[in-house]
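Visitor: heads up, no residue letters with this:
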Ligand SMILES: Nc1ncnc2c1ncn2[C@@H]1O[C@H](COP(=O)(O)OP(=O)(O)OP(=O)(O)O)[C@@H](O)[C@H]1O
Ligand SMILES: Nc1ncnc2c1ncn2[C@@H]1O[C@H](COP(=O)(O)OP(=O)(O)OP(=O)(O)O)[C@@H](O)[C@H]1O
Ligand SMILES: [Mg+2]
Ligand SMILES: [Mg+2]
């Protein structure tokens, strides 16, 4: 994923570029849909704007700060931070480097320095919709979630799923399991074990939101344990014929448009992408749902109902609680 | 030579000796442990190898058994030169060795120990039944009484040694090397070992016997080779020599045994043990109402077969082991509730029997070994600081005073020979000038010269008004040092004799009755 | 929720298998008197090489073979370092665990061009057993598992028989209990130790392969996540006895699986994370406490050293 | 030959061996880089710059502080022959203890700073101390109990920081920012290099002094050499075990406290344990081989490897795991120092033999 040192930039043209950007991730990119998609968006906008793009992968919270400072020293046109984990670094470093432009995707420092642009998401809204689908499709009236860790933020993929299901069928019960352990985001064996617990417990609709540990959950789905829901990107091919839908987060689009805005001189501000902004959604709501490989394509009635709920959320007649709002 | 039959028993007939060492030299770094030694072991004889601590006996025997490769010299077996690269070669050549420190697997049965690496069985499956049967047959043949199914760590030391001998015989050893086999045995066990050795020799086995005890040489052997500083100083025929001649060859002078100056005891009791009681446990003997008083200027000897409660009493005095009831007083003060440190501070010094395991630390320097117990008080320490220089200079002084042979006080203790390491322990404990000195087996494994010196040090201590509690299995030692001798049997004091009355016969009889007493270990 | 049923036992068996392989290896080394703490690194290395070769060749079984071979080679570091050259086995193990972590992460990028997770579509995994389909209990227990799961159970039994019933096993026990004694009878102690270390390497290779090609079909950085350390604890808990090792691994696996179920009932994830470790510690304390008491009565001075790492590898002291 | 020369030679070899280990590791690393198609000189240049360049040194010093403290956490009990592998738990517990005090005790800096540091040290010491009775009363080896205790302790801090102590409104599992009074004063012109370094160096000095010049240091060595001997001599092995483990745990807890009291001044879940200070500290302690005075040098080396490898990945695109590989190689080569000492012993023996 790292496109390496300066002269082998991400733009196809090679040679001198019009500008540059550095993307900093909180974790290794591989196996993390959100980060992969974000980097894809960065590379797309770089190609479009003739930018040189480099990715600095952090390995842990401490190396984030190091990477942010190293990025600033390179003086790119924009330093892009991915995820809320960079919030602290983006609260301090921009203040010391007022001439540098920053973009934080998926979070926003408070107070927000002037040279920081923010793009955040209301993932819970899309999760709620996936919950609605699960509620409608569940036969056993048991659904579940496998998530990496029990944190308020990750609960955005947990609580609304149950709430959405309950909104269409009050008898549905939901169980959430968290991978935890030494390596919560990269322990597929534990992910599998927990998915299996849900399957054994009778859950037939399970949302897999455990990053690198998801592989295990999809294997249980593939062997017929339950029907699964993916996160961030279309994962319907991960367990063909067993994935219902995906809670999408168009981080690539958000990132690209924010970068474009910043380069155009419209920096600053905090944009929050929800259903209304089309920043989050479901595969079911996309145009290409028929060719997505997702099971939901076979349930037009469900899609229709989901579309109504989506509108209600946008209108404000249905409110989705944000677990991270604490 | 080749036309002679190898099994001709009469050495005079000129048959090749069972084993022969020619011009063996072995160095350990700068130390020349064995220096050009020739040794001839004739078939069917028992051959004593004697000498001071560090004379090179064990090293020479290890060369014969393939544990050490000599720097020079050759080993012959039945007239043929053999190259012994490991004990495996030695075993194949018909050699067997019983080490002083038994090399037995405690958690395995007697049979498993004996057949180890020569197991009966088919296709790799171990046939336990066959092993037990073989061992039973073998022990019958030489009149040893051993239960093949017993777990070795439940057996008394004497029996364990028989297991060692069975191991060698099971491998059809024709030459049996015994390195200080009697050091840890009780008098009765020594007698039965000598009987076994003589039986073996009569059946044609050749035995090399390393020992420090001249009486054993005289009682058990046919020939004697004396080593000193790695070289042979005498080759003797037992029947035609005397104890004096052997000792002279060993230490270069005659022996002047310390004289026991009885009868100068003051009346102050230093140690009073009253009605001590301790429960039996697997691996520990019970103690039944033991009372002992040791007065200033008095040596009280405790005799008895090991495992009859002596160790438990001593550990109770030191505070190393809890008691059930009874009291221990030092200068009238009840020690109940006090730990080892407090008791030592009040004036108890202790030379334990297990010197390598408990009395010293092999990896620490001689100086550090000498500092323990002195390390919190002047001149070594003051105001919370410990002076490494003071530790070294005190050590140098003690090493000089006791004549410890060492490369220097910074050398690790483990590099010293057993006897010298022992002197280090003794030096440290004597240096406390503690009113009470508790000593276990002070001369075990030590050569006669050093043993005599140690006896003198203990008597000097007594003469300065020190009280000594001496635990020993050796009757001659008890007679040489003690004012009174107590005999312990199954946890109780069964005899309390004036040293003058404690003749070999009386003590031997009192201790021997202990042999029939149940061993606590056996129940485990 | 039903806490113990066939599915539960099956799940425990499946998730315990990698740990069991590693722990069996560790126990055999312990029998030979060598404390093998490099299990975590070897397991990780096995998992990585299994996935890499499976991906390259398109055959999961080739991956298994490669895992066994390369992990055995990797364990040669311990055999050479700690046995042949008599370096401190604990230090060598610390180095090996770090080496495995670094090298797998490094090679993941250099060889497979991935970071974090490697789970491409089409990565061949081990097939599930279908032989037993329809067999009542066994089918349910082993049905969804790979061949490597029943193999682990069989190997535990085989190891126990080997140690306790064969001549070589007898020698092995002697080697660990009293190396000098074994040497004096002509047993080449380092040879036994090297052999068991390499055997442990091969077993860790199988365990790693089961983790990355059986349990799931993927490799992620540090995917062993401490399973090798759990194996070390199991070895200690079982005092190097293979059947007890099996018991210890199942205990840990069950504690973990119960943890997952209790999480479903609302217990905090962090508590259920901690549970298996605490359960292991409690059982360990209970079992060692008996040893300690007995030692204390027999020889209070020697008992002071009962917890010394040296004492740990000698099985006779743990009886 | 003079006695002095004889005494100097082993000292010289004992310093040469770690050096040799580092050289071998550097060569191995160069080979790996070359195999990965990177000029080793550029790679190492990037690594050293990643740690020591003007812009990175500030951060590297912070890592150094933590690694040095963690090397003490391992080295202190190791003097007694006990291996403390539970540094992660002790670090995290120390960190959370300091954070709790800082967040709940309204006090001026002069009071709050020492109290927080002390709380951190106590937190780490408390956890490590549990291993002592487990060892001395229940015969559970420290090497395994510390490891088993570490995971639950980390889980506990992780629970605390996600729920009761979590910063409200933040998506990151972290505590609120600590009040200014709990910020360790940093050196002028730096943001990470702070008083924590001084504190850890003072602790190191104390440890070196106790080890070499006090009765307690002597007793620890005795107990490390032979417990039975120590017990016989009246030393309290349980107390010494407790003491060394508590001291090691305190060093780890102190490291935790220093980390949360430095930029960004809060306890972030994972931030203490993920960088691998514990293992770097163990490696540094092993490299120093029982000589506490060498710890700063070895800790500095492992800091360069850990911190620098991230810089290397950024600049020349060599995976940062190469840093771990190099650390591992240093440890492995070092483990083989026995070979070197055996070799010198044999040469000395030969020389003496020839003379004799
Ligand atoms: N492995 C070794 N390394 C170094 N020196 C040794 C070694 N073994 C023996 N020595 C030295 O060689 C010399 C002879 O030792 P050896 O053990 O043969 O004496 P010994 O006659 O058996 O003494 P003892 O009566 O105490 O048993 C001693 O100075 C001893 O310190
Ligand atoms: N490390 C030690 N520290 C103190 N005393 C020791 C030490 N090693 C041996 N001793 C004592 O020295 C005496 C002689 O011991 P031993 O015969 O075992 O030593 P050795 O002659 O060197 O060994 P071996 O007889 O096996 O050659 C015994 O009383 C023993 O307790
Ligand atoms: Mg000897
Ligand atoms: Mg001797």
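Guide: Arrived safely, thanks for sending. On a predicted model such as this, the values are computed, not experimentally measured, just so you know. Ligands and ions are numbered 1, 2, ... in the order given.
Visitor: Can you pull the residues of chain B lying near ligand 2?
Guide: Contact residues (C-beta under 6 Å from any ligand atom) of chain B with ligand 2: B:53, B:58, B:100-101, B:179-180, B:355-356, B:359-360, B:362, B:413, B:417-419, B:421-422, B:425, B:444-446. Every C-beta, even on glycine, is put in place using the N, C-alpha and C of the backbone.
Visitor: one more time with 5 Å, if that's ok
Guide: B:58, B:100, B:180, B:355-356, B:360, B:417-418, B:421-422, B:425, B:444-445 (C-beta under 5 Å from any ligand atom).
Visitor: so can I have JSON lines of the residues you listed showing secondary structure, neighbour count and distance to residue D:35?
Guide: Listed next are those as JSON lines, based on DSSP: H, G, I helix; E, B strand; the rest coil; neighbours: other C-beta atoms under 10 Å in any protein chain shown; distance: C-beta to C-beta, whole Å:
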{"residue": "B:58", "secondary structure": "helix", "neighbour count": "23", "distance to residue D:35": "53"}
{"residue": "B:100", "secondary structure": "coil", "neighbour count": "18", "distance to residue D:35": "56"}
{"residue": "B:180", "secondary structure": "coil", "neighbour count": "21", "distance to residue D:35": "59"}
{"residue": "B:355", "secondary structure": "helix", "neighbour count": "21", "distance to residue D:35": "56"}
{"residue": "B:356", "secondary structure": "helix", "neighbour count": "18", "distance to residue D:35": "51"}
{"residue": "B:360", "secondary structure": "coil", "neighbour count": "28", "distance to residue D:35": "52"}
{"residue": "B:417", "secondary structure": "coil", "neighbour count": "22", "distance to residue D:35": "54"}
{"residue": "B:418", "secondary structure": "helix", "neighbour count": "20", "distance to residue D:35": "55"}
{"residue": "B:421", "secondary structure": "helix", "neighbour count": "23", "distance to residue D:35": "54"}
{"residue": "B:422", "secondary structure": "helix", "neighbour count": "26", "distance to residue D:35": "59"}
{"residue": "B:425", "secondary structure": "helix", "neighbour count": "24", "distance to residue D:35": "58"}
{"residue": "B:444", "secondary structure": "coil", "neighbour count": "19", "distance to residue D:35": "62"}
{"residue": "B:445", "secondary structure": "coil", "neighbour count": "18", "distance to residue D:35": "59"}
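Visitor: from these, which are also near ligand 4?
Guide: Contacts with ligand 4 within those, as defined by C-beta under 5 Å from the ion: B:418, B:445.
Visitor: which of the residues of chain B next to ligand 2 sit farthest apart?
Guide: The span of these, defined through C-beta to C-beta, is set by B:58 and B:425 at 19.9 Å.
Visitor: and the residues of chain B next to ligand 2 as a markdown table, adding distance to chain A and pLDDT?
Guide: Shown next, in a markdown table, are the residues of chain B next to ligand 2 (distance: C-beta to the nearest C-beta, whole Å; pLDDT from 0 to 100):
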| residue | distance to chain A | pLDDT |
| --- | --- | --- |
| B:58 | 52 | 88 |
| B:100 | 51 | 74 |
| B:180 | 55 | 85 |
| B:355 | 47 | 84 |
| B:356 | 43 | 82 |
| B:360 | 44 | 90 |
| B:417 | 52 | 76 |
| B:418 | 50 | 76 |
| B:421 | 48 | 87 |
| B:422 | 52 | 87 |
| B:425 | 49 | 92 |
| B:444 | 54 | 81 |
| B:445 | 53 | 74 |
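Visitor: Also near chain D: which of the residues of chain B next to ligand 2, exactly?
Guide: Subset of the residues of chain B next to ligand 2 in contact with chain D: residue B:360, counting by C-beta under 8 Å from any C-beta of the partner chain.
Visitor: any idea of the pLDDT on residue 7?
Guide: Since no chain was named, I'll use chain A. The per-residue pLDDT reported for residue A:7 equals 37.
Visitor: Sorry, I should have been clearer: chain D.
Guide: 44.
Visitor: Equivalent analysis for residue B:470, please.
Guide: 94.
Visitor: repeat for residue D:22
Guide: On the pLDDT scale, residue D:22 gets 81.
Visitor: what's the answer for residue D:333, then?
Guide: Reported pLDDT for residue D:333: 84.
Visitor: which ones are touching the nearest residue to it once chain neighbours are set aside?
Guide: Nearest non-adjacent residue to residue D:333, counting by C-beta to C-beta, 6 or more residues apart in numbering or on different chains: residue D:21, 3.9 Å away. Shown in contact with residue D:21 (C-beta atoms under 8 Å, 6 or more residues apart in numbering or on different chains): D:287, D:329-331, D:333-334, D:337.
Visitor: coming back round to it: same list, the residues of chain B next to ligand 2, but as JSON lines with distance to chain C please.
Guide: Shown next, in JSON lines, are the residues of chain B next to ligand 2 (distance: C-beta to the nearest C-beta, whole Å):
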{"residue": "B:58", "distance to chain C": "13"}
{"residue": "B:100", "distance to chain C": "12"}
{"residue": "B:180", "distance to chain C": "15"}
{"residue": "B:355", "distance to chain C": "12"}
{"residue": "B:356", "distance to chain C": "12"}
{"residue": "B:360", "distance to chain C": "13"}
{"residue": "B:417", "distance to chain C": "18"}
{"residue": "B:418", "distance to chain C": "16"}
{"residue": "B:421", "distance to chain C": "18"}
{"residue": "B:422", "distance to chain C": "18"}
{"residue": "B:425", "distance to chain C": "15"}
{"residue": "B:444", "distance to chain C": "18"}
{"residue": "B:445", "distance to chain C": "18"}
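Visitor: Closest one of the residues of chain B next to ligand 2 to ligand 1?
Guide: residue B:58 (3.2 Å; C-beta to the nearest ligand atom).
Visitor: Quick check: the residue of the stretch 51-200 of chain C nearest chain A.
Guide: residue C:117 (2.3 Å; C-beta to the nearest C-beta).
Visitor: Using the record, which stretches count as separate domains in chain B?
Guide: B:1-94+B:206-253, B:256-347+B:434-524, B:362-428 (automatic domain parsing).
Visitor: Are the first one and ligand 1 in contact anywhere?
Guide: Going back to what we said before, that points to domain B:1-94+B:206-253. Yes - judged by C-beta under 5 Å from any ligand atom, domain B:1-94+B:206-253 and ligand 1 are in contact via B:28, B:31, B:33, B:53-59.
Visitor: how about the nearest residue to the residue in the stretch 101-250 of chain B that chain C sits nearest to, chain neighbours excluded?
Guide: For the stretch 101-250 of chain B and chain C, the shortest gap (C-beta to the nearest C-beta) falls at residue B:103, measuring 3.5 Å. Leaving aside its chain neighbours, residue B:103 sits nearest to residue C:181 (3.5 Å; criterion: C-beta to C-beta, 6+ apart).
Visitor: buried residues in the host helix or strand of that neighbour?
Guide: Secondary structure assignment for residue C:181, by DSSP states H and E: helix C:179-184. The neighbour-count check on helix C:179-184 (16 or more other C-beta atoms under 10 Å in any protein chain shown) flags C:179, C:181-184 as buried.
Visitor: Is there proximity between that helix and ligand 1?
Guide: No - Helix C:179-184 stays out of contact with ligand 1 when judged by C-beta under 5 Å from any ligand atom, the minimum separation being 12.6 Å.
Visitor: who does that helix touch, helix- and strand-wise?
Guide: The helices and strands touching helix C:179-184, judged by 3 or more C-beta pairs under 8 Å, 6 or more residues apart in numbering or on different chains; DSSP states H and E, are helix C:167-177, helix C:189-209.
Visitor: can you do 6 Å?
Guide: Where contact means 3 or more C-beta pairs under 6 Å, 6 or more residues apart in numbering or on different chains; DSSP states H and E, helix C:179-184 is packed against helix C:189-209.
Visitor: What strands line up against the helix or strand that the helix it packs on is followed by, and which way round?
Guide: Where DSSP H and E defines the elements, the next helix or strand beyond helix C:189-209 is strand C:219-220. Next to strand C:219-220 in the sheet, as set by DSSP bridges, lie strand C:117-118 (antiparallel).
Visitor: That's all I had, so thanks and see you.
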